[in-house]
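Undergrad: here is my input; please provide its structure:
(chains A, B, C and D)
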Number of protein chains: 4
Amino acid sequence: MVVRVGIVGAGIMGADHALTVQRFVSGAEVSLLADPDLQRAGAAAQAVGARAVDDPFGLVASDEVDAVVVASPDATHPALVRACVEAGKPVLCEKPLSPTLADSAALLDDLGERASLVSLGFMRRFDPGYTDLRATLAAGTVGAPVLVHSTGRGVSSAPGATSESAVTNSAVHDLDIVAWLLGSPVTEVSWHAPRQTLAAAFADPQLVLLRTADGVLSTVEMFLNARYGYDVRCEVVGESGTASLREPARTEVDTALAHGHAYGADWRPRFADAYRLELQAWVDGLGGGDAGPLASAHDGLVASAVADAVITSMHTGGAWTPVQVPAVGSVA
Amino acid sequence: MVVRVGIVGAGIMGADHALTVQRFVSGAEVSLLADPDLQRAGAAAQAVGARAVDDPFGLVASDEVDAVVVASPDATHPALVRACVEAGKPVLCEKPLSPTLADSAALLDDLGERASLVSLGFMRRFDPGYTDLRATLAAGTVGAPVLVHSTGRGVSSAPGATSESAVTNSAVHDLDIVAWLLGSPVTEVSWHAPRQTLAAAFADPQLVLLRTADGVLSTVEMFLNARYGYDVRCEVVGESGTASLREPARTEVDTALAHGHAYGADWRPRFADAYRLELQAWVDGLGGGDAGPLASAHDGLVASAVADAVITSMHTGGAWTPVQVPAVGSVA
Amino acid sequence: MVVRVGIVGAGIMGADHALTVQRFVSGAEVSLLADPDLQRAGAAAQAVGARAVDDPFGLVASDEVDAVVVASPDATHPALVRACVEAGKPVLCEKPLSPTLADSAALLDDLGERASLVSLGFMRRFDPGYTDLRATLAAGTVGAPVLVHSTGRGVSSAPGATSESAVTNSAVHDLDIVAWLLGSPVTEVSWHAPRQTLAAAFADPQLVLLRTADGVLSTVEMFLNARYGYDVRCEVVGESGTASLREPARTEVDTALAHGHAYGADWRPRFADAYRLELQAWVDGLGGGDAGPLASAHDGLVASAVADAVITSMHTGGAWTPVQVPAVGSVA
Amino acid sequence: MVVRVGIVGAGIMGADHALTVQRFVSGAEVSLLADPDLQRAGAAAQAVGARAVDDPFGLVASDEVDAVVVASPDATHPALVRACVEAGKPVLCEKPLSPTLADSAALLDDLGERASLVSLGFMRRFDPGYTDLRATLAAGTVGAPVLVHSTGRGVSSAPGATSESAVTNSAVHDLDIVAWLLGSPVTEVSWHAPRQTLAAAFADPQLVLLRTADGVLSTVEMFLNARYGYDVRCEVVGESGTASLREPARTEVDTALAHGHAYGADWRPRFADAYRLELQAWVDGLGGGDAGPLASAHDGLVASAVADAVITSMHTGGAWTPVQVPAVGSVA
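TA: Residues are numbered from 1 along each chain as shown, chains lettered A, B, ... in the order given. Predicted structure coming up:
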């Protein structure tokens, strides 16, 4: 049985997911691809032998679609997720669930137990680096964690980025993954930043301190305009050692008086494996198989609550700010 | 359309291929798995939801099988490949095509143009490290190649390994990949070895020099009982720089006064991506898609001819020995 | 002309300095070595062909001594430095100048312009890694700095270590070097820590945030009982790239399924070059040559003032705390 | 007591040695510096506060000189060494002892037991990388050696370089160090090369195979016009692991989509420590201290004999060629 996947959104992420599902995911194929920009939809659909439509809700309702990947603009997420759930179709929604914490909480409240149809795109949980790191911690190789250093740097920020969106769109991956690595929720955050750089009109880089329930202290550095490359680092310092991600370049070159290896220009090469494995796990889970560490809608709500606390700290001089996850019906 | 793959052989490699096809290859599923040891066949088949049989020729003939992966003992390869071709079914055969160069040549001669149904398992051509390396050469980053250093080390040799089998079973991967990287055939070889080690009763390690038609000189070191880990290295030295594989560990650990990353104990973790991508390309090619750098039966014949020259050099005091590829009908 | 150096203190650091001066510093020799424990003094003196005495003030006054290295317990520093200055002899004093900021300020006030005879042992300024890093910044390779991450980890803390001494004895090196790298003084600090580890009865690790006058934000992690090795790291993140220290191991080993290089068990191997170059620069400077980035007594006062602010923050819940450097006569 | 060193030769190497002795060697100073090009001699002498002369034999005879460093053109070495020995003065001669094996043997024969006054500049024996590597072997960390891979690459060859001089001037370092690391003499060699590169009119790169008495097989790659940087590598493969030199860069930089560290443009930065430690050991030895692994004149003769065999193999189609060390009086 092959799962027929409908993809909503033909932007960078949607087109990439379509290719990954069609080319590399066992047990799935892309049937429909929706984007209001029908030309863009057509190009992405053609690349995978699928059909393009301009109405995402039509895609959700179509009997050619068994399950939906949502990769459209953030503001459209809640309505699309709601439509999928109402149609009884599993949906893998790119983060965030909704642009605001309140809306996310309201959505989850409405969905109740049907929220189990919803998965959230925290793909780092499937990255072989992070899964190795988590296995290393579980094996006790470095002792009980005491510090985490999580670093996310990119070449340049998207147009319209703000100090706040750097948190909700980018650092939110760190906020999820640190808690996931430690198996302990973030309870308190504190926000800091150096002077501004020439490249950005907002706070960039930013440095966030996190406390998790287990007493670990974490630093999250996010620097959207670091310019030198797309570079994600994570080090977990334990009581007897330290474990880190290693840049996954496969080759190295010596030339022009230097030894080195390359960085990608954006997140796609860095997380190609993670996206593939995430989509595969999602498809496997739809068929009753193991969905691995796939993030739930509630995981998305939790990460949004942490991001919300970070922004509160940002607006209150860096004060330590408690994380408050809204209570919702499904987890009552 | 899903390709129904029959796997012949339920040993380490066959079981691994079955899992890979079933779990990670888009557009394919494992339908039958054959092994004379029916218990072993059953275990491997159960892991992928397939049916076990004890007769590999029955598998080849079965109308539940569209295409065949041969991962049985080397001596069985020619008859199985012949059966697949006679049944008009595509076959991906683990190397070697046959244990002897003469038999390989005879097989290819018999198959004639139908040899195009046959692919050979030189999976390194799909390893992201080697494909990056080849792209780096093509981009001119290091200038025209002049030297290649290809190194293959393992923890321990298989029971019954000999000086000769180290060449035909292990170094044969290097013999294929060096020529593939350079895009130039091996024309001459020279074999050398140090004293024997305690771990082996045959020549191990061995050092082979290769000349390719482009004038490049290559060293191939193979050390089956290197004990410290499964470690494959390759450096291509060009006129203006050098490019190398990087060990693909995803994490590193600091503990007990040392910084480091791990090696696998055998080839499976090292080449998991390569096997997956090779099987995917094979399946894609069956459906008319791009089969990438998939090795042909004739590529297997060429590698065997190089291995044969290495063994001749081994038996003649290390003399430079020309490579003679038998002429076969299909390439006349 | 050979400078006759008297060494005060025959502990680990004093004995190490004696050997370095005698064996590796051009233009100097060790003439006297003083320690109240005359047996210890004798052993250290014998190793370098010097004479041992038990009275450090006698050493300072001796006409066999042209210049003095002070490597005795912290509390003895002010009186010894005062004695050297009064005898008109140059002195290289291990940090700190004095255990308390007030005493350091008082000492400097007393010394006035004669403080120029006093140098302080911030040897990291001579470490080839740090000097490379500073040259890289000066060359503009990574753009203007915005973040610094300074990390100091050791195997185990000295007996009697406290949360405060971790700052004044260990992190003080980071407090000096960050400002030196940036060429900008620390203006504000904020102290944080995770839960305690099993290995220590005080706050360990600690994480300190620094703001420098140039607007850069720095993190200083110090972890005295990190157990895995003596490991000093520093990364400077600039507007267009990032530059880091590289662990100076000279060899690497593959064994037992791991690739790696070794850490030292304490600071001596890591900073052997730095100590040698510092002592050489001090001796060169005594003869009118270039003393390089040798730290002055006032540099020591500044670092102590930063350490003092860190401890204040530690005792006030991590609040951002301004650094206040006492005004002293010599810099009025 | 300070050893007054006379330096013969004010070229790159002589000027560098002068600076090293004067600035960094304990117990020595440069008194005279001789070069027929008196202007060049003057510049180098001024940099170290020494006196320049144009007659090297005058320098050797001068009562201002206790010991001599010879860094003049190769052809001048035998007469200068002879003069030093006749004057009863210790001499550290840059390799080679003489341009031809026969002349080296004749010189040693003449010197007899007075050859003990002569040391040879195989500085790699003092490089912290090589000494670590040798200690690692001695510790048994990687088991008994079976293979060595020694690689020497430079940016560009000196004017007038030939296939033969690449061996006698450059690879000779590898020929000495491999035997020194193993503690076993080279008994047999075999020479090979790929096509020529655009950058050189002679055989470059070259690949030499060595057999040592202990049964180890070594590869020596020398590539004078590798262009990308000055890069010296060495890996010793043992029965249970492998140990390698690590490029001694102290910092690394991320910029322009790449992570990397720098190579030097020539051998001076790479071997600055080695030269310093070699000169220090030589000076220490003059005063009765430990001269460490300082190479003797006879070590130079042995390396020249190996180089001679390599050139014979080069001229005889790469045949395995035995090494024949001339018998000389002093070692009879």
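Undergrad: just the CA atoms of the helix or strand harbouring residue A:68, as PDB, please.
TA: If you go by DSSP states H and E, residue A:68 is part of strand A:67-70. C-alpha atoms of strand A:67-70 as PDB (Å, rounded to 0.1, in the frame of the first residue of the first chain):
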ATOM      1  CA  ALA A  67      -2.200  12.400   4.100                       C
ATOM      2  CA  VAL A  68      -1.000  16.000   3.900                       C
ATOM      3  CA  VAL A  69       2.300  17.800   4.300                       C
ATOM      4  CA  VAL A  70       1.700  21.500   5.200                       C
END
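Undergrad: ok, and for it, which residues are buried?
TA: For strand A:67-70, the neighbour count (16 or more other CB atoms under 10 Å in any protein chain shown) marks A:67, A:68, A:69, A:70 as buried. Every C-beta, even on glycine, is put in place using the N, C-alpha and C of the backbone.
Undergrad: just the closest of those to chain D, please.
TA: residue A:69 (29.5 Å; CB to the nearest CB).
Undergrad: need the pLDDT of that closest one.
TA: We note a pLDDT of 98 for residue A:69 in this prediction.
Undergrad: can you give me the distance of it to residue A:59?
TA: According to CB to CB, to the nearest Å, residue A:69 stands 10 Å off from residue A:59.
Undergrad: and the next helix or strand past the strand holding residue A:68?
TA: helix A:77-86.
Undergrad: list the contacts of that next one.
TA: A:8, A:56-57, A:60-61, A:68, A:70, A:72, A:90-91, A:93-94, A:96-99, A:103-104, A:107, A:110-111, A:114-115, A:117-118, A:297 (CB atoms under 8 Å, 6 or more residues apart in numbering or on different chains).
Undergrad: touching chain C at all, the helix ranked longest in chain A?
TA: Longest helix in chain A, counting residues (DSSP state H): helix A:297-314. No: legend: contact between helix A:297-314 and chain C by CB under 8 Å from any CB of the partner chain is lacking; minimum distance shown is 12.8 Å.
Undergrad: helices or strands up against the next helix or strand after that helix?
TA: Where DSSP H and E defines the elements, the next helix or strand beyond helix A:297-314 is strand A:321-322. When contacts are defined as 3 or more CB pairs under 8 Å, 6 or more residues apart in numbering or on different chains; DSSP states H and E, strand A:321-322 sits against strand A:186-192, helix A:297-314.
Undergrad: which of these sits closest to residue C:216?
TA: Closest to residue C:216 of the helices and strands packed on strand A:321-322, according to CB to CB: strand A:186-192, at 11.8 Å.
Undergrad: partner strands of that closest one, with direction?
TA: strand A:206-212 (antiparallel), strand A:321-322 (antiparallel) (DSSP bridges).
Undergrad: may I have the helix or strand just after the first one exported as CSV, CA atoms only?
TA: Think strand A:206-212. Where DSSP H and E defines the elements, the next helix or strand beyond strand A:206-212 is strand A:217-223. These are the backbone C-alpha positions of strand A:217-223, laid out as CSV (Å, rounded to 0.1, in the frame of the first residue of the first chain):
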residue,chain,number,x,y,z
LEU,A,217,22.0,25.2,32.0
SER,A,218,22.0,25.7,28.2
THR,A,219,23.2,28.4,25.9
VAL,A,220,21.5,29.0,22.6
GLU,A,221,23.3,31.2,20.2
MET,A,222,21.4,32.1,17.0
PHE,A,223,23.1,34.3,14.4
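Undergrad: in its sheet, what does strand A:217-223 sit against?
TA: strand A:145-153 (parallel), strand A:206-212 (antiparallel).
Undergrad: out of these, which is closest to residue C:41?
TA: Going by CB to CB, the one of these nearest residue C:41 is strand A:145-153, 40.5 Å.
Undergrad: which residues of chain A lie near chain B?
TA: A:2, A:22-26, A:28-29, A:128-129, A:132-133, A:136, A:141-142, A:240-246, A:248-256, A:261, A:280, A:284.
Undergrad: and the gap between the residue nearest to residue A:261 when sequence neighbours are not counted and residue B:270?
TA: The shortest distance from residue A:261 to any non-neighbouring residue, by CB to CB, 6 or more residues apart in numbering or on different chains, is to residue A:249 (3.7 Å). According to CB to CB, residue A:249 stands 16 Å off from residue B:270.
Undergrad: hmm, back to that, I'd like the helices and strands packed on strand A:321-322 as CSV, with mean pLDDT and mean neighbour count appended.
TA: Output for those, formatted as CSV (pLDDT from 0 to 100; neighbours: other CB atoms under 10 Å in any protein chain shown):
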stretch, mean pLDDT, mean neighbour count
strand A:186-192, 98, 23
helix A:297-314, 97, 24
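Undergrad: can you name the residue of the stretch 201-332 of chain A nearest to chain C?
TA: Closest point on the stretch 201-332 of chain A to chain C, by CB to the nearest CB, is residue A:215, at 2.9 Å.
Undergrad: which ones are touching the residue sitting nearest the centre point of chain A?
TA: By CA atoms, centre = their mean, chain A has its centre lying nearest to residue A:122, at 3.3 Å. By CB under 8 Å, 6+ apart, the residues touching residue A:122 are A:95, A:173, A:176, A:177, A:180, A:295, A:299, A:300, A:303.
Undergrad: next one: residue A:328
TA: A:105, A:108, A:109, A:298, A:301.
Undergrad: and residue A:261, which helix or strand is it part of?
TA: Assigned by DSSP H and E, residue A:261 falls in strand A:258-262.
Undergrad: partner strands of that strand, parallel or antiparallel?
TA: When DSSP bridges is applied, strand A:258-262 pairs with strand A:251-255 (antiparallel), strand D:258-262 (antiparallel).
Undergrad: would you turn those into CSV with mean neighbour count and mean pLDDT?
TA: Below are the strands paired with strand A:258-262 laid out as CSV (neighbours: other CB atoms under 10 Å in any protein chain shown; pLDDT from 0 to 100):
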stretch, mean neighbour count, mean pLDDT
strand A:251-255, 24, 97
strand D:258-262, 20, 96
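Undergrad: so can I have TSV of these showing distance to residue C:43?
TA: Formatted as TSV, the strands paired with strand A:258-262 follow (distance: least, CB to CB, whole Å):
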stretch	distance to residue C:43
strand A:251-255	48
strand D:258-262	41
